[in-house]
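Student: Structure here, sequence nowhere to be found:
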């Protein structure tokens, strides 16, 4: 991961002076915007209402960080006028990169305004309600947490990077059972955002969500889940075009996850092993909105990619695992949780040994093919399951990752 982007970043002198005038703040909602002209005005108005209703006696601001957009995002943001008593701060991302650059910009504004609580919201969020601001903020404001993470009620085919990779991996390595570690929205304490601000692995892109959660976990900070609600966000529509968003997102999230595993290896290698659950909770929520995924397209992608990459893949996993994998993929059998966990851990170890950016990207490209294989198998295994049955299935998969953590410790260089 290129870390040079995070060095020497500062706000403009004009913005620093503006921050000095409004400091210290109690609450700041940071909105991350790129090509969101159809969603951002409603989002800003809802945030405005949430701050006005639930935090009337606090000093507060809405800060907008704009990535380079191809639509009228900037013009729409200009139309927004907050209520009296709520500051509006708008700036471009401090660096080109992606979501991480936007988050880094918001954190820099937070530092300059000495704010006690920062809430991060994606600009494409459609389902936001005023009460969400209260729910994300309260635990931080009242000193009960350093990080709040939503638990969104999602379709079993939504959260495709989370369910079969990020969740079980994070839970196993860090003993951190937060169900949606890359949910997109967060509440951060000053203690946490100041640690993030100077961290050498702060990523410029989609890896920022797992970065925030992993740092909090490895630093053993207090984390609370909340905001139990349905989530609708515009980017879900791109699941039908995996090459457009999902695959690039996967590589960035996974790259950051592997980098952080290396950085915090002394933590997860030696911490006490986590005990698995003995019972499972049921969810009695409203039915989430179905997410359409083109499974046949993914099967075709898997077959084509595996055929061309299998000789390279076998260089990074043990021979016995590769033989089993080869039979499963070529004969279109189920790539189950046990084998999947071993594959994930072998690629984690292989990434540790990669020395150049090119080697790491090549490794992630091979791993992406196998992740597609796991996702295809997951859709088959859960085809006739409801939301509770699927959730138990995913909890058991996470338990497999926990049980196999000694295996990762044994092969990690």
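Tutor: That came through, no problem. Predicted, not measured: the structure shown is a model, and the values here were computed from it. Numbers count the residues shown, from 1 in each chain.
Student: Could you tell me the average pLDDT over the helix or strand encompassing residue 344, please?
Tutor: In this structure, residue 344 is located in helix 337-353 according to DSSP states H and E. Here helix 337-353 scores 98 as its mean pLDDT.
Student: How far does it sit from its chain's centre?
Tutor: 20 Å (Cα atoms, centre = their mean, to the nearest Å).
Student: now for that helix, which elements pack on it?
Tutor: Contacts defined by 3 or more Cβ pairs under 8 Å, 6 or more residues apart in numbering; DSSP states H and E place helix 337-353 against helix 167-174, helix 246-263, helix 319-330, helix 357-381, helix 387-403, helix 405-411. (Each C-beta comes from the backbone N, C-alpha and C, glycine too.)
Student: Let me know whether residue 250 touches residue 164 as I believe.
Tutor: No: Residue 250 is beyond contact range of residue 164, at 10.8 Å (criterion: Cβ atoms under 8 Å).
Student: Now do the shared contacts for these two.
Tutor: Common neighbours of residue 250 and residue 164 (criterion: Cβ atoms under 8 Å, 6 or more residues apart in numbering): residue 371.
Student: Quick check: phi and psi on the most centrally placed residue in the chain?
Tutor: The chain has residue 182 as the residue nearest its centroid, 2.2 Å off, counting by Cα atoms, centre = their mean. With angles defined as degrees, to the nearest 10, residue 182 sits at phi -120, psi 50.
Student: likewise residue 178?
Tutor: Per-residue torsions, residue 178: phi -100, psi 120 (degrees, to the nearest 10).
Student: May I ask you to confirm that it is in contact with residue 170?
Tutor: Yes: using Cβ under 8 Å, residue 178 makes contact with residue 170 at a distance of 7.2 Å.
Student: Can you give me the pLDDT of the residue nearest to the centre of the chain?
Tutor: In this model, residue 182 is scored at 94, pLDDT.
Student: can you start the count at 53 instead of 1 from here on
Tutor: OK, 53 is where the count begins now, so the last one is residue 234.
Student: Near residue 344, how many other residues are there?
Tutor: Per other Cβ atoms under 10 Å, the neighbour tally for residue 344 reads 11.
Student: For residue 457, see how far away it is.
Tutor: Computed as Cβ to Cβ, to the nearest Å, the residue 344 to residue 457 distance reads 35 Å.
Student: thinking again about what came up before, find the nearest non-adjacent residue to the residue nearest to the centre of the chain, please.
Tutor: In space, and not counting its chain neighbours, residue 234 is closest to residue 261: 3.9 Å by Cβ to Cβ, 6 or more residues apart in numbering.
Student: got a list of what the one you found touches?
Tutor: Residues in contact with residue 261, defined by Cβ under 8 Å, 6+ apart, are 151, 233-236, 238, 305.
Student: Work out for me the element it sits within.
Tutor: Per DSSP H and E: helix 260-270 holds residue 261.
Student: got the residue ranges for the helices in the stretch 153-302 of the chain?
Tutor: For the stretch 153-302 of the chain, the helices defined by DSSP state H, counting those that start in this stretch occupy 182-193, 212-213, 219-226, 242-249, 260-270, 298-315.
Student: need these in a markdown table with mean pLDDT and distance to residue 451, can you?
Tutor: Putting these into a markdown table (pLDDT from 0 to 100; distance: least, Cβ to Cβ, whole Å) gives the following:
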| stretch | mean pLDDT | distance to residue 451 |
| --- | --- | --- |
| helix 182-193 | 96 | 27 |
| helix 212-213 | 90 | 20 |
| helix 219-226 | 97 | 8 |
| helix 242-249 | 98 | 28 |
| helix 260-270 | 98 | 18 |
| helix 298-315 | 94 | 19 |
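Student: Residue 116 against residue 81, yeah?
Tutor: No: Residue 116 lies out of contact with residue 81 (Cβ under 8 Å); the separation is 9.4 Å.
Student: so how far is the one helix or strand in the chain whose mean pLDDT sits lowest from its chain's centroid?
Tutor: Lowest mean confidence among the helices and strands of the chain (mean pLDDT, DSSP states H and E): strand 275-282, at a mean of 86. Remark: strand 275-282 is offset 14 Å from the chain centroid, using Cα atoms, centre = their mean.
Student: Name every strand pairing with it and say which way it goes.
Tutor: Each strand paired with strand 275-282, and its direction, by DSSP bridges: strand 199-205 (parallel).
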